[in-house]
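**Q** just a sequence and a predicted model for now, questions to come.
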Amino acid sequence: MNKSLKKELLHIPHFSITDSIPMRSISEDGIIEVRKGLYSKTYKMQDINFNLAKLEDKVDIYMNWREALSSFDIDNRVQITIINRILESDSMIKDVLLQEAGDGYDDFREEYNEIIRDNVHKEKNVLREKYITITEEKDSLEDAINEYNSVEENIFSPLEKMHVYLNSLDRTERLTLLRSLYNPDSDQDIEEISVNGEAISAFNLNNLYGQGLDIKTYVAPSSMEFFSNYFKIGDKFGACLSVLSYPSAIPDKFLTELSERKFDCIVSFNLKKIDKATSYKMVKNKLLNIEGDAAAMQSKTFFIPYTTKRDLDNTEEMLDDLSSRDQDLWEVQFHITVFANTLTEVKKHIDTIRDRCRSKGVGCQRASTNVEQVFNSCLPFGQDQSGRKRTLTTEAIAGFIPFSAQDLRQKLSGIYRPQYFGINKATKSLISYSRSSGDSYNMLRLGFTGSGKSMFTKFQQLSNFLLDPGADIICIDPMGEYGTLCKALGGQVIHITGSGKDRINPFDINNLYSISDNVDPIANKIDFITSMVSVMFGSHTILSSLQQTEITQAGKKIFDEWKYSQKEEDIPTMEDFYNALMEVPPTTLDMGQTYELQKTVERYTQRGTDILFSEKTNIDLKNRFVVFDLVGLGDNLKELAMLVILEYIYQRACANAKQKKITILDIDEVHLFFKSELVSQYFSKIWKVGRHILLYTCGITQNVTNLLNSESGRDMIKNTAFVQLLKQHPQDAIRFGELLNLSKTELDYCHNSQPGHGLLSIAASQEYPVTSVIPFKNIISKESPIYKLISTKIIRDEI
């Protein structure tokens with residue numbers, strides 16, 4: 001143990017609780033001066049799916065982790081801390097529960113919240129957090145900051161290769177973390193704490209110093225007592241263990257398995273690299289001592305015990321590692337702290353840890369005379385006070401891999417309101433995510449027949465409707481599955497048929513046609529009309545330059561009145577467009593092209609057979625929940641209807657975006673939009689610009705093959721940030737696994753999976769720089785009113 005540290009620990013008396021907390025000061029960027037001249041900085045470490053990774057990926061993770069550790073200098077002390085906390089269900093779900101709004105839909109909100117509670121209550125709600133704390137001996141804070149900048153440059157690169165990102169904790173975040181560890185029976189945020197009976201609403205050093213208090217007051221527990229082999233902190237009891245011996249080979253999952261307990265605990269791994277000369281000398285002296293012992297035993301008994309031979313072999317191998325394999329020697333201290341409500345529970349937890357260690361050949365001992373020192377060594381201060389240490393090589397310590405499985409639990413923050421996406425099947429934690437945090441708002445939901453994709457979509461529609469009263473929800477429904485929910489929420493179901501009474505005017509326009517103020521809405525509309533007429537001709541026909549010119553001339557003419565009045569009654573119709581085409585004077589050489597154009601458009605007027613788009617819109621397209629039901633639409637109109645609906649959605653999303661409103665678009669059987677090149681091109685345009693017009697599009701399909709075989713479909717996949725895989729056909733799963741770089745273990749979660757079970761794949765973004773692959777489940781009781789409202793099976797039974 002460092003002499004100055006030993007002096008501070010043994011010769012400075014503890015007059016109060018805060019004397020036990022090793023912290024002199026903390027800077028705004030979270031650097032703590034642990035003792036005079038010793039600074040530490042803590043980083044939160046994102047987890048990755050080590051347990052679900054391919055074998056070759058596990059090897060890469062090990063090598064990158066080893067490289068990251070090797071990047072530390074002999075002046076750096078490193079602490080890896082895994083904190084395991086059991087949360088109350090209400091604490092786990094508070095950010096995804098829907099609040100009452102008094103709008104007539106609060107019964108739905110309560111039922112929705114009950115579904116979340118039911119799923120969370122079935123699991124032990126564990127919050128597992130991982131941190132790295134780096135400690136420096138420096139003369140000043142400024143010197144420490146410069147050193148941290150250098151260390152970060154070295155360590156970030158190998159970690160980012162395996163998509164592990166470190167986020168440094170600022171002052172408030174670090175004090176909040178320490179407060180939670182010193183107060184395990186409280187979930188108060190630091191902004192809510194009470195000092196001497198006075199509430200301090202926000203972290204403010206002036207408030208603190210004005211009351212004659214020091215920084216430790218913010219994190220200190222109400223009481224803390226240390227006894228011979230346990231401690232009591234507030235109303236909680238605790239005990240500590242130290243690891244004393246290690247096996248020759250350390251299982252790669254040992255560190256995470258040790259921490260993945262269903263009780264509160266802290267696992268701390270403290271490391272310090274030893275310089276090469278000292279390392280070589282230490283091992284060489286150890287080898288000489290063992291050789292001397294072996295020679296003495298052999299001279300007396302003509303026999304060398306097995307344990308001596310083993311020690312001799314291990315030490316020779318370690319010497320070879322240092323001299324030939326460019327490894328380093330490290331001082332290692334490994335501690336575990338457990339918490340419980342009673343001493344009986346503490347003993348039970350200690351026995352569980354011991355049994356796990358014993359099964360892996362790891363020897364450990366319960367702290368008795370140095371409980372306070374081991375406890376402080378467990379906390380993320382980056383200072384080991386225990387005095388116990390072992391030496392291991394770089395290869396050995398790299399075997400303590402801290403990664404296991406990802407969680408996805410975003411908190412309510414600013415514009416990001418996370419939604420509930422089920423329970424993580426790997427970690428048993430709630431999944432919450434805001435699509436607003438992605439670089440793209442687009443989403444794909446892919447599932448085999450009966451996988452629950454339509455039901456999950458309706459569950460999300462209900463959530464979106466209840467969560468954001470300002471959001472508009474639009475659904476394209478080729479199979480007639482979404483009308484029941486829409487009507488229950490007061491929405492408008494539009495039955496798109498060639499012979500029905502509903503009419504949609506494809507010439508509808510407004511001056512909010514684009515998110516940009518510099519775009520001419522009429523020019524944009526004429527581009528759409530040209531595409532629409534191309535669809536009328538058929539996908540194998542290309543409009544001539546003359547026909548395109550005539551369309552442009554007629555288009556400009558029919559919008560003349562609206563251009564100046566901006567009144568809804570002056571918006572033209574298909575009849576007006578046809579009449580304008582009839583007035584275009586044909587040339588002698590190209591009369592056939594003009595006549596062909598006129599007769600093609602005539603079919604869609606009152607004179608023709610397909611009159612759906614012939615008149616002014618006569619339905620409520622301004623309702624905040626609109627379902628376009630295409631089940632009664634013949635194939636002759638389907639392509640045109642899809643194009644017109646997409647045009648309407650684009651206009652509405654642009655208008656909403658100008659008012660800072662979001663538009664949510666769900667498209668079932670999305671593969672149908674890729675049968676026509678013109679429709680798929682228009683769809684791809686909307687998919688690409690969605691983020692700029694606050695359009696959250698979700699494509700739903702069971703047919704991955706059609707997407708993969710279409711250039712526009714592949715382009716859509718590339719621009720998708722969020723993919724939800726439910727039960728998949730084996731061949732489709734393999735192809736998507738290749739696209740998303742999923743391991744076989746990960747894909748197993750969507751092979752033969754139950755309805756409502758599957759895999760989430762979320763691309764890294766600027767706001768959330770971690771690629772996430774999360775196995776999930778979302779169970780809805782058949783007795784729930786919401787189940788009866790959204791179940792596709794019930795709807796089909798009723799039909």
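**A** Sure thing, it's come through. Residues are numbered from 1 along each chain as shown.
**Q** now the most centrally placed residue in the chain, what are its backbone angles?
**A** When Cα atoms, centre = their mean is applied to the chain, the residue found nearest the centroid is L408 (4.1 Å). The phi and psi values for L408, taken as degrees, to the nearest 10, are phi -130, psi 100.
**Q** against F400, how distant is it?
**A** In this view, L408 and F400 are 25 Å apart by Cβ to Cβ, to the nearest Å. The C-beta positions use only the backbone N, C-alpha and C, and glycine is treated the same way.
**Q** re the thing from before, if I pick the residue nearest to the centre of the chain, what's in contact with it?
**A** F421, N424, I431, S432, Y433, L760, I762, S772, I774 (Cβ atoms under 8 Å, 6 or more residues apart in numbering).
**Q** now the strands: where do they sit in the stretch 401-550 of the chain?
**A** Remark: strands assigned in the stretch 401-550 of the chain by DSSP state E, counting those that start in this stretch are 419-424, 430-433, 443-446, 472-477, 492-495.
**Q** and the last one, what does it pack against?
**A** The one in question is strand 492-495. If contacts are counted by 3 or more Cβ pairs under 8 Å, 6 or more residues apart in numbering; DSSP states H and E, strand 492-495 sits against helix 483-488, strand 625-629.
**Q** do the same with the second one
**A** Packed against strand 430-433 by the contact rule (3+ Cβ pairs under 8 Å, 6+ apart) you find helix 106-121, strand 419-424, strand 757-762.
**Q** circling back to that earlier point, export the contacts of L408 to TSV and tack on neighbour count, distance to G387 and pLDDT?
**A** Formatted as TSV, the contacts of L408 follow (neighbours: other Cβ atoms under 10 Å; distance: Cβ to Cβ, whole Å; pLDDT from 0 to 100):
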residue	neighbour count	distance to G387	pLDDT
F421	23	47	95
N424	22	39	93
I431	26	43	94
S432	22	43	93
Y433	22	45	93
L760	22	46	95
I762	23	45	92
S772	21	41	90
I774	28	42	94
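**Q** G382 and T81 touch, don't they?
**A** No: taking contacts as Cβ atoms under 8 Å, G382 lies outside contact range of T81: 9.2 Å.
**Q** need the residues touching each of those two.
**A** T133.
**Q** by contact count, what packs against the helix ranked longest in the chain?
**A** Using DSSP state H, we find that the single longest helix of the chain is helix 276-301. Taking 3+ Cβ pairs under 8 Å, 6+ apart as contact, the helices and strands that helix 276-301 lies on are helix 306-324, strand 329-340.
**Q** what's next to the longest one, contact-wise?
**A** Helix 306-324 has contacts (Cβ under 8 Å, 6+ apart) with 248, 276, 279-280, 283-284, 286-287, 290-291, 293-294, 297, 327-329, 393, 395.
**Q** apply 7 Å and report the result again.
**A** Contact partners of helix 306-324, identified using Cβ atoms under 7 Å, 6 or more residues apart in numbering, comprise 248, 279-280, 283-284, 286-287, 290-291, 293-294, 297, 327, 329, 393, 395.
**Q** and these, which of them are buried?
**A** By neighbour count, with 16 or more other Cβ atoms under 10 Å, those hold S279, V283, K286, L287, I290, A294, Q327, L329, T393 as buried.
**Q** how about the contacts of L408 in a markdown table, adding distance to K563?
**A** Output for the contacts of L408, formatted as a markdown table (distance: Cβ to Cβ, whole Å):
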| residue | distance to K563 |
| --- | --- |
| F421 | 46 |
| N424 | 55 |
| I431 | 50 |
| S432 | 47 |
| Y433 | 44 |
| L760 | 47 |
| I762 | 45 |
| S772 | 49 |
| I774 | 51 |
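**Q** where in the stretch 601-750 of the chain is pLDDT low?
**A** Low-confidence segments of the stretch 601-750 of the chain (pLDDT under 70): 712.
**Q** just the helices in it please.
**A** Ranges of helices in the stretch 601-750 of the chain, per DSSP state H, counting those that start in this stretch, are 635-658, 677-689, 704-709, 711-718, 730-740, 744-747.
**Q** for the ones you listed, which one sits closest to G363?
**A** Shortest distance between G363 and the helices of the stretch 601-750 of the chain, using Cβ to Cβ, is found for helix 744-747: 32.0 Å.
**Q** buried set for that closest one?
**A** Taking 16+ other Cβ under 10 Å as the criterion, helix 744-747 shows E746, L747 as buried.
**Q** angles on the backbone of K273, please.
**A** Torsion angles at K273 (phi, psi; degrees, to the nearest 10) stand at phi -70, psi 140.
**Q** please name the nearest non-neighbouring residue to it.
**A** Excluding the flanking residues, the one nearest K273 by Cβ to Cβ, 6 or more residues apart in numbering is I74, at 4.9 Å.
**Q** same thing with E111?
**A** I786 (5.0 Å).
**Q** elements contacting the helix or strand harbouring the one you found?
**A** Using DSSP states H and E, I786 maps to helix 785-790. If you count contacts as 3 or more Cβ pairs under 7 Å, 6 or more residues apart in numbering; DSSP states H and E, helix 785-790 packs onto helix 106-121, helix 453-467, helix 483-488.
**Q** mind putting these into TSV with mean neighbour count, distance to C698 and mean pLDDT?
**A** Formatted as TSV, the helices and strands packed on helix 785-790 follow (neighbours: other Cβ atoms under 10 Å; distance: least, Cβ to Cβ, whole Å; pLDDT from 0 to 100):
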stretch	mean neighbour count	distance to C698	mean pLDDT
helix 106-121	17	18	94
helix 453-467	23	7	95
helix 483-488	19	15	96
